[in-house]
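Visitor: Predicted model follows, preceded by the sequence.
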Amino acid sequence: MAAAPPSYCFVAFPPCSKDGLVVIGKNSARPRDEVQEVVYFAAAAHDPGSKVECTYIEIEQVPKTHAIVLSRPSWLWGAEMGANEHGVCVANEAVVTREPASESEALLGMDLVRLGLERGATAKEALDVIVALLEEHGQGGNYYEDGSSCHTFQSAFLIVDRNEAWILETSGKYWAAEKITEGVKCICNQLSLTTKIDAEHPELRNYVRSQGWWNGDSDFNFSQVFSLADDHLACCSGRESLEKQGGDVSAQAMIDVLRDKDSGVCVDSESFLTTASIVSVLPQDPSFPCVHYFTGTPDPSRSIFKPFIFVDDVKSVPKVQSPSFGNDDPAKKIPRFQEKPDRRHELYKAHEWARSLLENDQDKGQKLMRIMLDLEKQGLEAMEDILTRTEVLDPAEVVDLFYDCVDTELKFFK
């Protein structure tokens, strides 16, 4: 059985976070050569009886989908992480449980991220969407763009809005969830739920009793029942760094944790790399906008986080979108993944050049990195100003925000 990639998700609520903010961070550890793109989809109305084509299967569409922004492996329909116009954020983790994940094509955990965001206006609504679809369609299929081997996993999710977070962990169609409203929480590629369970599949306990995994006499501990080993408790090494911030966890503090290679949070191994990262800041006061920072490029220690705010008519950013191959895409043909097309977008290619410079000419590379970090700092300060000012945000001020940040980054690379 394949090891799950060591990704990390964090959420910090007051009193650990500053200024009444909920702060979320996620590093997406994926195969080293996989490209992630950042894509925006406007809210949309859909005809009755219409279908939506997910990565592997087609399912019933809903009458209305919310506006969403996603960071996703560019070969698939779903996403590793993203947010919607209502301030809901969802991130996915691949996990291994004692129940083998299905190779049969169904919904990927990453499809469920997107479906939860498109259909849920609160964290709890998104959770309800995900577990209902899990019950109806199941989860399964190859997690990687690999024609030689099928890599399958179960799914865990961090689902957050301005008021609460839900940690949802699944095995097949069975699931359990814990509600979080304060402090710091981390999930990774190991099960973390223990005896505090606030919602669960109605047949969960009967099912594990029928499998002989739990006798019904002891406390029901989800991780102990479903984990292959007893290593589920030592999951998150970045949590301590955030807790040490006291009540000052900010976007910058979360970015610093995501960049930390010594702790293992920023993955750079032979097989896996942090291929993209996101930090979201959700003010608990709904009169302020949520801010979502995306890298769109690998390795956050060599990337910069660029802000995005939902407003009407957000300008699309083709320079962080991979080329489309339509029905000729090897991911859509059966058998799948017989070829690997070049999915690199313009920012990814520029970032490759910058990475080469960092490795081959340290002086020039460090100078470039200082310039880029200064650019990032300006963006963080501008967003902090928006989140602390008294006047209402003018949408025209931020409609081109993410586009301009990507454009400026590319100009520095050139």
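Guide: Ah, there it is.

Visitor: Give me the helix or strand of the chain that scores worst on average pLDDT.
Guide: helix 239-243 (a mean of 78; mean pLDDT, DSSP states H and E).

Visitor: Now do the buried residues in that helix.
Guide: By 16 or more other Cβ atoms under 10 Å, the buried positions in helix 239-243 come out as Arg239, Ser241, Leu242. No exception for glycine: its C-beta is placed from N, CA and C like everyone else's.

Visitor: The last one touches Asp248, doesn't it?
Guide: So the one you mean is Leu242. No: in this structure, Leu242 is not within contact of Asp248 by Cβ atoms under 8 Å, at 9.7 Å.

Visitor: end to end, how far does stretch 223-240 reach?
Guide: 21 Å (Cα to Cα, to the nearest Å).

Visitor: likewise stretch 238-250?
Guide: 14 Å.

Visitor: can you check stretch 195-202 too?
Guide: With Cα to Cα, one end of stretch 195-202 sits 16 Å from the other.

Visitor: can you check stretch 91-107 too?
Guide: Length of stretch 91-107, first residue to last, Cα to Cα: 15 Å.

Visitor: buried set for that stretch?
Guide: Buried residues in stretch 91-107, counting neighbours by 16+ other Cβ under 10 Å, are found at Ala91, Asn92, Glu93, Ala94, Val95, Val96, Thr97, Glu99, Ala101, Glu105, Ala106, Leu107.

Visitor: Could I get the full set of helices for this protein?
Guide: 109-119, 123-137, 204-210, 222-226, 239-243, 251-258, 346-360, 362-388, 401-413 (DSSP state H).

Visitor: and the residue most central in space within the chain, what does it touch?
Guide: The centre of the chain sits closest to Met81, judged by Cα atoms, centre = their mean, with a distance of 2.1 Å. The neighbourhood of Met81, defined by Cβ atoms under 8 Å, 6 or more residues apart in numbering, consists of Cys9, Lys26, Ser28, Leu70, Ser71, Cys89, Val90, Ala91, Asn92, Val113, Ala276, Ile278.

Visitor: Can you get me a residue count around Pro15?
Guide: Pro15 has 12 neighbours, counted by other Cβ atoms under 10 Å.

Visitor: Just want to check the distance between it and Asp217.
Guide: 38 Å (Cβ to Cβ, to the nearest Å).

Visitor: mind checking how far the nearest residue to Trp214 once chain neighbours are set aside is from Phe222?
Guide: The shortest distance from Trp214 to any non-neighbouring residue, by Cβ to Cβ, 6 or more residues apart in numbering, is to Val208 (4.6 Å). With distances taken as Cβ to Cβ, Val208 is found 9 Å from Phe222.

Visitor: how about Phe220, what does it touch?
Guide: Each residue near Phe220 by Cβ under 8 Å, 6+ apart is listed here: Thr195, Ile197, Arg205, Trp214.

Visitor: Sorry, slip of the keys, the one I care about is Gln36.
Guide: So Gln36 contacts Ser28, Arg30, Ser71, Arg72, Pro73, Ser74, Glu80, Thr275, Ala276, Gly296, Pro298 (Cβ under 8 Å, 6+ apart).

Visitor: let's see 6 Å
Guide: Gln36 makes contact with Ser71, Pro73, Thr275, Ala276, according to Cβ atoms under 6 Å, 6 or more residues apart in numbering.
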